[in-house]
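>>> Pasted the sequence and its predicted model underneath.
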Amino acid sequence: MINFLLQLQLLLSALSALLPLLPDALRTRAGEILDIAGKALSLGGMLSASGEDLAQKLAAIRAEIEAMAVARHVVSADELDAAMTRVSAASLAFREALKTAEVAAP
Amino acid sequence: MKHPIRALALACALTLMPACAALHLNAPNPIAAAQTTDQRAYALIQSYGALIETATSVVRDPSVPMAAKRAIGRAEAAATPAVSTLEVAFSAYLRARAAYEAASRADEAALTHALNALNAASQALAQAIDRAQAPLGELQSLINAHRGVAR
């Protein structure tokens, strides 16, 4: 999917290179359309990549839980601490990123 | 721009296309794989960590609208305290279980007392899991809505 999006973005770039060949009246409109298409593709591609990343992480966690279930493993205090350390670090990074985004927002 | 509606439609179609293509109707659910209460709690906490990591990458992306980032931020602010409460209940459960295991070598009165404490801690942990699932589900729905992947 990511490859397909890259190919589409390359196609848009190639089309942009042909813009000077268009008549003046059409050039501005075509440029605007290509610009919107490029931005939309970029956003969609990022969201798709994030989705694949989350699915992989959830699959890894599920595999760990399945193994625990099969082994009748009892979760230890150390495992809880490690999981909460991950959550705390992620939560801190998230709040920092949100703050940065707020500052950068127009 | 002469045709803003057409341009908007094109932008929507191009944005949604990769998101729809990435649709995984049977995305992994770690909590469903757990067999015991402690495994469910652990799966929930780990899943939440993964969710927040993904939410961070969404929030860092400048092409994601600020309104979407704020909505995810509100969901995170509601979910993180619920997970912290779950951690407290989980720690209490682990202590009660350790006390029960130690009491199994003691007299019957101590064992009964430890068993009652373990049952109470187990019930509290199950309730904390149930309470944490709603805000976590809300956060996951928001991330799914902005990345196009169904649970």
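Perfect, I can see it now.

>>> Can you say which helix or strand has B:Gln133 in it?
Element membership for B:Gln133, per DSSP states H and E: helix B:108-147.

>>> next one: that helix to chain centre, how far?
In terms of C-alpha atoms, centre = their mean, to the nearest Å, the gap separating the centre of helix B:108-147 from the centre of its chain is 12 Å.

>>> Low-confidence stretches in chain A?
Applying pLDDT under 70 to chain A picks out residues A:1-10, A:12-14, A:38-51.

>>> now do chain B
B:1-27, B:146-151.

>>> let's see it at 80
B:1-27, B:106, B:144-151 (pLDDT under 80).

>>> Going along the chain, name the helices of it.
Counting by DSSP state H, chain B has helices at residues B:4-21, B:30-33, B:37-60, B:66-103, B:108-147.

>>> buried set for the second one?
So that's helix B:30-33. Residues of helix B:30-33 classed as buried by neighbour count (16 or more other C-beta atoms under 10 Å in any protein chain shown): B:30-31, B:33. Every residue, glycine included, has its C-beta placed from N, CA and C.

>>> Pull the residues that contact that helix.
For helix B:30-33, contacts defined as C-beta atoms under 8 Å, 6 or more residues apart in numbering or on different chains pick out A:58, A:61-62, A:64-66, A:69, B:40, B:43-44, B:46-47, B:133.

>>> mind running it again at 10 Å?
Helix B:30-33 is contacted from outside by A:57-70, B:39-44, B:46-47, B:50, B:129, B:133, B:136, using C-beta atoms under 10 Å, 6 or more residues apart in numbering or on different chains.

>>> Pretty sure B:Asn29 sits against A:Leu58.
Yes: using C-beta atoms under 10 Å, B:Asn29 is in contact with A:Leu58, at 7.3 Å.

>>> which of those two has more neighbours?
Neighbours were counted for B:Asn29 and for A:Leu58 using other C-beta atoms under 10 Å in any protein chain shown; A:Leu58 has more, 25 against 15.

>>> Look at A:Val75 and tell me its secondary structure.
With DSSP: H, G, I helix; E, B strand; the rest coil as the basis, A:Val75 sits in coil.

>>> and it, what is it in contact with?
Neighbouring residues of A:Val75 by C-beta under 10 Å, 6+ apart: A:65, A:68, A:83, B:34, B:36-43, B:45, B:90, B:93-94, B:97.

>>> Show me where chain A has its helices.
Secondary structure of chain A (DSSP H): helices located at A:2-17, A:24-71, A:77-104.

>>> TSV for the ones you listed, including distance to chain B?
Listed next are those as TSV, based on distance: least, C-beta to the nearest C-beta, whole Å:
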stretch	distance to chain B
helix A:2-17	6
helix A:24-71	3
helix A:77-104	4
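
>>> so of the ones you listed, which one's packed in deepest?
When the helices of chain A are scored by mean count of other C-beta atoms under 10 Å in any protein chain shown, the highest mean neighbour count falls to helix A:24-71 (a mean of 18).

>>> ok so, going back, nearest to B:Ala120, out of the helices of chain A?
helix A:77-104 (18.8 Å; C-beta to C-beta).

>>> okay, the angle between that closest one and helix B:37-60?
20 degrees (axes from the mean of the first three to the mean of the last three C-alpha atoms, to 10 degrees).

>>> And helix A:77-104, what does it pack against?
helix A:24-71, helix B:37-60, helix B:66-103 (3 or more C-beta pairs under 10 Å, 6 or more residues apart in numbering or on different chains; DSSP states H and E).
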